[in-house]
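Engineer: Would you be able to build a 3D model of this:
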Amino acid sequence: EVQLVESGGDMVQPGGSLRLSCAASGFTFSINDMHWVRQAPGKGPEWVSGVNPGGGSTSYADSVKGRFIISRNNAKSTLYLEMNRLKPEDTALYYCRRGPRRFATLKSWGDWGQGTQVTVSS
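Structural biologist: Numbers count the residues shown, from 1 in each chain. A predicted model of the protein is given here:
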């Protein structure tokens, strides 16, 4: 059974930082592209960032480029998202996803964890 368990979300002030983690199990983590996707209240899922299986190639949405860093530890089957200079518009439920980027935001495809809530507010 595939499991994706996100953690690390919290309420922070604008300009603050957080580090999200996603513990994966039930599949071969090291051969999958991995992504972070977020969903704000009343909006659809938004792709945030992705990393290739080896960790050497990363990509980011323009809205987070230069502020967020995605990384992975294949030995621990864990995906990370370091979030810096947080803004109120980063407020959302954050999910990790596996597989092709074009499927990452599709609710009907693959496995979804429970997500971790990030709230940026003064």
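
Engineer: can we go C-alpha only for contacts and neighbour counts from here?
Structural biologist: Noted.

Engineer: Which residue of the protein lies farthest from its centroid?
Structural biologist: Residue farthest from the centre of the chain, counting by C-alpha atoms, centre = their mean, is Ser122 at 23.1 Å.

Engineer: what does the model give the residue lying closest to Val12 once chain neighbours are set aside for pLDDT?
Structural biologist: Using C-alpha to C-alpha, 6 or more residues apart in numbering and skipping the chain neighbours, the partner closest in space to Val12 is Val120 (5.0 Å). Val120 is assigned a pLDDT of 98 by the prediction.

Engineer: And for Glu1?
Structural biologist: Glu1 is given a pLDDT of 94.

Engineer: Tell me how many other residues surround Gly56.
Structural biologist: Residues lying near Gly56 (other C-alpha atoms under 10 Å) number 9.

Engineer: quick revisit: show me the contacts for the residue farthest from the centre of the chain.
Structural biologist: Residues in contact with Ser122 (C-alpha atoms under 8 Å, 6 or more residues apart in numbering) are Val12, Gln13, Pro14.

Engineer: Narrow the residues you listed to those in strands?
Structural biologist: Residues of the contacts of Ser122 located in strands (DSSP state E): Val12.

Engineer: Which strand residues bridge Arg72?
Structural biologist: For Arg72, the beta-bridge partners under DSSP bridges are Leu79.

Engineer: Likewise for Ser49?
Structural biologist: Under DSSP bridges, the beta-bridge partners of Ser49 are Trp36, Tyr60.

Engineer: hang on, it packs against His35?
Structural biologist: Yes. Applying C-alpha atoms under 8 Å, one finds Ser49 in contact with His35, separated by 5.5 Å.

Engineer: between these two, which one's more packed in?
Structural biologist: His35 (28 against 24).

Engineer: can you pull the contacts of the more buried one?
Structural biologist: Applying C-alpha under 8 Å, 6+ apart to His35 gives the contacts Trp47, Val48, Ser49, Gly50, Val51, Cys96, Arg97, Arg98, Gly99, Arg101, Ala104.
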